[in-house]
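Enquirer: The following block contains a protein sequence and its predicted model.
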Amino acid sequence: MAKRMNWQIGREMDYPYDGPPPKKQVAYVFDINKCIACQTCTISCKTCWTSGKGQETIFWNNVETKPYGGYPTGWDLKLHEELGPAEWRGGVLESRTPFEGKDELEPPRGYRPHDQDYNQPNLGEDETAGIADKGAHFEGIHPMWMFYLARICNHCDHPACLAACPRKAIYKRDEDGIVLVDQQRCRGYQECVRACPYKKVFYNLVSRVSEKCNGCFPRVENGEVALCVESCIGKIRMHGFLTTQGGPREDNPLDYIVKIRKLALAIYPQFGTGPNVYYIPPLHIRNDFLEQIFGPGVAAAKKLYRNLKNDRQLLGALFLFGASNRIIERFAVQGEEAVGWDVDGVEVARVPFTEPVYIREHYDAKRDVYRHNTT
């Protein structure tokens, strides 16, 4: 068992394979505070990638409601029952990951969902953490809460699906870190389904092989963002790359948000896979609940988010969410605008800090007419 440094848990950990990082690492940032669970991302992914036979209950992208929702049902609870709560000390994970505390020849800890667990992709939708007392909705803020959690494959640094596959049918691309399934090699053993702690590898009952989110790699190879990112009407998503060759760059929006400012946090970092989908935690949710999902950086990330109006560089990076269908690899704040450039150095986004407002006179003297508000 090799020792690999996992920066998300602050220490080395056991992993079956060792090797150099990819040339760059695909990554995503989701701002949970802006998600309205419209499911546009889910539908765009579904219609493009999983509309075939055997894919009826396969959703590479889904949006679920926490605390009770989950697809497949209870995907995160069952592994927690075995591992127990995450234990952190000074940003270092003291509890074990699914790769540790077992025989070297055993695959990572995990479980395989029952077929029925895939029957209800919207289970628990919009259900709150408690029942409000009669009339409580008239009192403003109350202690009942829920939030939407958009999920895709995390294209992990240390993929559990890759570690578990006896056929070596899963691989991580060197050019961009996207994790793919070679369906010619796959024999449908479903060890990847069992091992993935996020349950984002699926078994197709018709083709009899495993499949998963492919990171929209045909689009990525042309410098375009994934479909779920482009279609997001709330502009809660940013798609790009983290720097792996050298330290994080301040002009890379993903590096800046994730590694330099630490505003966006990995989901369940205690699972040890090094997931590369990062979330800006929701402000209205209790920290003790969020820390079990996003680790010990929740309070600091919330403080940063609340102070965005005084943090122009970070605010500028967030303004570029959904600003272009091109992957933004470099950004800068220029005066009152946030500017983004693609891999070719072409400007693809320019977003003003303050949207211009135009007020037209009630009476148009040139045309000698009155303007009326017809809405």
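Expert: Alright, I've got the coordinates.
Enquirer: beta partners of the residue positioned nearest the centre of the chain?
Expert: The chain has residue 277 as the residue nearest its centroid, 3.2 Å off, counting by Cα atoms, centre = their mean. Beta-bridge pairing for residue 277 (DSSP bridges): residue 28.
Enquirer: And for residue 71, the neighbour number?
Expert: 24 (other Cβ atoms under 10 Å). Where you see a C-beta, it was placed from the backbone N, CA and C, and this is true even at glycine.
Enquirer: Please tell me how far residue 143 sits from residue 277.
Expert: Residue 143 is 29 Å from residue 277, where distance means Cβ to Cβ, to the nearest Å.
Enquirer: Residue 208 now?
Expert: In terms of Cβ to Cβ, residue 208 sits 28 Å off from residue 277.
Enquirer: Repeat that for residue 81.
Expert: 23 Å.
Enquirer: swap in residue 121?
Expert: Separation of residue 121 from residue 277 (Cβ to Cβ): 18 Å.
Enquirer: Ok, residue 108 next?
Expert: From residue 108 to residue 277 the distance is 19 Å (Cβ to Cβ).
Enquirer: what ranges do the strands span in the stretch 151-300 of the chain?
Expert: 170-172, 179-181, 201-204, 209-212, 237-243, 265-266, 277-280 (DSSP state E, counting those that start in this stretch).
Enquirer: Can you pull out the low-pLDDT segments for the stretch 251-375 of the chain?
Expert: 374-375 (pLDDT under 70).
Enquirer: Run through the helices of it in chain order.
Expert: Along the stretch 251-375 of the chain, counting by DSSP state H, counting those that start in this stretch, helices occupy 253-254, 287-294, 298-306, 312-319.
Enquirer: do you know which of these lies nearest residue 134?
Expert: Counting by Cβ to Cβ, residue 134 lies closest to helix 287-294 out of the helices of the stretch 251-375 of the chain; the figure is 25.3 Å.
Enquirer: which residues of the stretch 1-150 of the chain score low on pLDDT?
Expert: For the stretch 1-150 of the chain, the stretches with pLDDT under 70 are 141.
Enquirer: Let me know how buried residue 304 is, in neighbour terms.
Expert: Residue 304: 18 neighbours (other Cβ under 10 Å).
Enquirer: Check whether residue 82 really touches residue 101, as I assumed.
Expert: No. If you go by Cβ atoms under 8 Å, residue 82 and residue 101 don't touch, sitting 10.6 Å apart.
Enquirer: quick one, what contacts residue 203?
Expert: Residues near residue 203 by Cβ atoms under 8 Å, 6 or more residues apart in numbering: 188, 190, 193, 209-211.
Enquirer: Tell me the one among the residues you listed nearest to residue 267.
Expert: Looking across these and measuring by Cβ to Cβ, the closest to residue 267 is residue 193, at 18.4 Å.
Enquirer: Next one: that closest one, what pLDDT does it get?
Expert: Per-residue pLDDT puts residue 193 at 98.
Enquirer: Tell me how many other residues surround it.
Expert: Using other Cβ under 10 Å, the number of residues around residue 193 comes to 22.
Enquirer: Name the residues linked to the residue nearest to it when sequence neighbours are not counted by a beta bridge.
Expert: Spatial nearest neighbour of residue 193, chain neighbours left out: residue 201 (5.1 Å); criterion: Cβ to Cβ, 6 or more residues apart in numbering. Per DSSP bridges, the residues bridged to residue 201 are residue 212.
Enquirer: mind checking how far residue 201 is from residue 191?
Expert: Counting by Cβ to Cβ - residue 201 and residue 191 are separated by 9 Å.
Enquirer: which stretch of helix or strand covers residue 41?
Expert: helix 40-49 (DSSP states H and E).
Enquirer: Same question for residue 80.
Expert: Per DSSP H and E: helix 77-83 holds residue 80.
Enquirer: send the alpha carbons of that helix over as CSV?
Expert: Provided in CSV are the C-alpha atoms of helix 77-83 (Å, rounded to 0.1, in the frame of the first residue of the first chain):
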residue,chain,number,x,y,z
LEU,A,77,-25.2,7.6,5.6
LYS,A,78,-24.2,3.9,5.3
LEU,A,79,-20.5,4.5,5.0
HIS,A,80,-20.6,6.8,7.9
GLU,A,81,-22.2,4.1,10.0
GLU,A,82,-19.1,2.0,9.5
LEU,A,83,-16.5,4.7,9.7
